[in-house]
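Task: produce atomic coordinates for the following.
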Amino acid sequence: MSSELSIVLQELPGPFLVLGIFLPVTLLLFLLIAYFRIKLMEVDEELSQISDRQNKYSPSLYRRMRRR
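Below is the predicted model:
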C-alpha cells in the first residue's frame with residue numbers, strides 16, 4: 001500500500017497537488033465557516049429580538065395574570 005502511494009506521489013507534480021487538491025478544499029472549508037458564521041449571527045439577532053419582546057411584555061402579562 002505504501003509503495004503504491006509513493007509511486008502516485010512521485011508521478012504527480014507538486015503544483016497539481018497544491019492547486020488541484022489542497023487549494024479547493026481549503027477554500028471550501030473557509031466558505032463553509034463563513035456561511036455558518038453568518039447564519040449564527042442571524043440566529044443570535046433573532047434570539048435577542050425575541051428576548052427583548054419577552055422582557056418588554058412579560059411584566060404586564062405577569063401583572064394581568066396576578067390580578068385575576
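
L29: neighbour count?
Using other Cβ atoms under 10 Å, L29 has 10 neighbouring residues. In this view, the C-beta of every residue, glycine as well, is placed from N, C-alpha and C.

go on, the one 10 residues further on?
When neighbours are counted by other Cβ under 10 Å, K39 registers 10.

Quick check: pLDDT value at it.
With respect to pLDDT, K39 scores 97.

what about the host helix or strand of it, distance to the chain center?
Using DSSP states H and E, K39 maps to helix 23-67. Averaging C-alpha positions (Cα atoms, centre = their mean, to the nearest Å) puts helix 23-67 14 Å from its chain's average.

so what does it touch, helix or strand wise?
Helix 23-67 sits against no helix or strand, with contacts defined as 3 or more Cβ pairs under 8 Å, 6 or more residues apart in numbering; DSSP states H and E.

Give the full set of residues in contact with L29.
For L29, no contacting residues are found, by Cβ atoms under 8 Å, 6 or more residues apart in numbering.

Against V8, how distant is it?
Per Cβ to Cβ, to the nearest Å, L29 is found 24 Å from V8.

go on, Q54?
From Q54 to V8 the distance is 60 Å (Cβ to Cβ).

And F16, by the same measure?
The value you get for F16 to V8, if Cβ to Cβ is used, is 11 Å.
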